[in-house]
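Participant: Quick one: sequence plus predicted model below, questions after.
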Amino acid sequence: MTNGMLVDQNEYLEVGIHIGTKVKTPGMKRFIYKVRDDGLYLLDLPSIDKRLGIAARMLSRYNPEDIVITASRIYSIAAAAKFAEITGVKLMKGRVMPGVFTNPNRGDFVEPEIVLVSDNRNERQAVKEASKTNIPVMALCDTDNWIKDVDFIIPCNNKGRRSLSLIYFLLAREFMKEKGLIKSNDEFNYKVSDFEAKIEMKAK
């Protein structure tokens, strides 16, 4: 840990965890540190770090089987899948179908106690479903994300492969520590690269 952060600040900078988009929504304004010359908004690193730690503590209060993570893009699916594998939480990848949290007659119906959303634009159905049944929603939010019905925001670059790898690596490590399953960072036998998608998405 460096300067009280979960990882060295340079590691955050290297993966671009703080690099947002050229769009700023009102709800994300408080997490923005500055705007670059090229128009990209930059998120505040201490806020990212602090909220990742809080998120891990919050998640650790639940049984893994009562936690659902949603992921809809290649990079987030790979990172979230590794998190789910390590922690035992339930992963819903791809499109979240209407009724999955609200209709007990569905074969895939689940009743989570908390939901972690990788991108609430792509996974807005999960947020909508959870809000209908008062399930707390935690979400990775970039500068362009609207935060309606999100109970806890983790400000971050939620689109980049390396950024998502580090986010889910840290959430998994801190979750395991909070659960008392490991005592220190050294006992976490995974690397950030283990959370990284092995496929490169081409820019459209």
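Facilitator: Now that the structure is in, tell me what you want to look at. Numbering: from 1, shown residues only.

Participant: how close does Ile48 sit to Gly88?
Facilitator: The gap separating Ile48 from Gly88 is 25 Å, by CB to CB, to the nearest Å. For every residue, glycine as well, the C-beta is placed using N, CA and C.

Participant: same deal with Met138?
Facilitator: 17 Å.

Participant: swap in Leu52?
Facilitator: Distance, Leu52 to Gly88, using CB to CB: 20 Å.

Participant: do the same with Asp108
Facilitator: Counting by CB to CB, the gap between Asp108 and Gly88 amounts to 19 Å.

Participant: Tell me which of these two has more neighbours.
Facilitator: Shown here are Asp108 and Gly88; by other CB atoms under 10 Å, Gly88 has more neighbours (13 against 10).

Participant: how about Leu116, secondary structure?
Facilitator: Put simply, Leu116 is strand when judged by DSSP: H, G, I helix; E, B strand; the rest coil.

Participant: Contact partners for it?
Facilitator: By CB atoms under 8 Å, 6 or more residues apart in numbering, Leu116 lies in contact with 55, 59, 67-70, 89, 138-140.

Participant: secondary structure class for Ala139?
Facilitator: Counting by three-state DSSP, the backbone at Ala139 sits in strand.

Participant: what's the pLDDT at it?
Facilitator: You'll see Ala139 listed with a pLDDT of 97.
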